[in-house]
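Colleague: below are the sequence and a predicted model for it; my questions follow.
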Amino acid sequence: MKAKYRNALMLPIILVIYFAIVFITKSRTKCFFKNLVGVPCPGCGLTRAYKMFFIGNIEKAFYYHPLFLLIPLLVMLYISNIMIKNNRLKKVSEIIYLISTILFISLYIIRFIKYFPKIQPMNFYEKGLLPSIVHKIKILLK
């Protein structure tokens, strides 16, 4: 199978797996990672941050995810790179992407240490697929 067709099939396959996990676990969270392993991902809180931002609650938006405003800027930068073929812009963009990745990972570690497992949005999700399996195994071993 050609790589182009294989890559085109990946998204539908991932979506089917995701919705199967959501259905099996009867999930209330939209986060794929949290549904799978029960632990929040570096992007956890972004959806709630945008909801709060769009209803005008800026303070709550920054509480849910302090880097939420960085995402639209990165998307605009990405689109600019596609539309404008410029090597200098590409090199600057790569540095910005790297710095953004470091910021996201650093914030994730800080939030994980400070808030996990009890405080939203960094709470542990007991109904995730992996925690559910572990729980059922513990019951069977009793």
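Modeller: The structure has been received and is ready for your questions.
Colleague: count the neighbours of residue 115 for me.
Modeller: 15 (other C-beta atoms under 10 Å). Using the backbone N, CA and C atoms, a C-beta is placed for each residue, glycine as well.
Colleague: can I see the domain layout of the protein?
Modeller: Domains of the chain are assigned by automatic domain parsing as 1-30, 39-125.
Colleague: so which of those comes closest to residue 137?
Modeller: domain 1-30 (15.6 Å; C-beta to C-beta).
Colleague: pLDDT of the closest one, averaged?
Modeller: For domain 1-30, the mean pLDDT works out to 71.
Colleague: most packed of the domains of the chain?
Modeller: domain 39-125 (a mean of 14; mean count of other C-beta atoms under 10 Å).
Colleague: what average pLDDT does that domain get?
Modeller: Mean predicted confidence for domain 39-125 is 93.
Colleague: pull the longest helix from this protein.
Modeller: helix 87-115 (DSSP state H).
Colleague: for it, packing partners?
Modeller: helix 70-83 (3 or more C-beta pairs under 8 Å, 6 or more residues apart in numbering; DSSP states H and E).
Colleague: show me what the helix it packs on is packed up against.
Modeller: Using 3+ C-beta pairs under 8 Å, 6+ apart, helix 70-83 sits against helix 87-115.
Colleague: helix or strand right after the helix it packs on?
Modeller: Going down the chain from helix 87-115, the next helix or strand is helix 129-141, by DSSP states H and E.
Colleague: which residues are contacting that next one?
Modeller: Outside of helix 129-141, the residues within contact range by C-beta atoms under 8 Å, 6 or more residues apart in numbering are 21, 24-25, 35-38, 124-126.
Colleague: quick one: buried residues of that helix?
Modeller: 129, 131-132 (16 or more other C-beta atoms under 10 Å).
Colleague: for residue 70, give me its contacts.
Modeller: 100, 103.
Colleague: coming back round to it: kindly reformat the domains of the chain as TSV containing distance to residue 142.
Modeller: Formatted as TSV, these follow (distance: least, C-beta to C-beta, whole Å):
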stretch	distance to residue 142
domain 1-30	22
domain 39-125	22
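Colleague: what sits up against stretch 60-69?
Modeller: With C-beta under 8 Å, 6+ apart, stretch 60-69 has contacts from 43-46, 48-50, 52-53, 100, 103-104, 107, 120-121.
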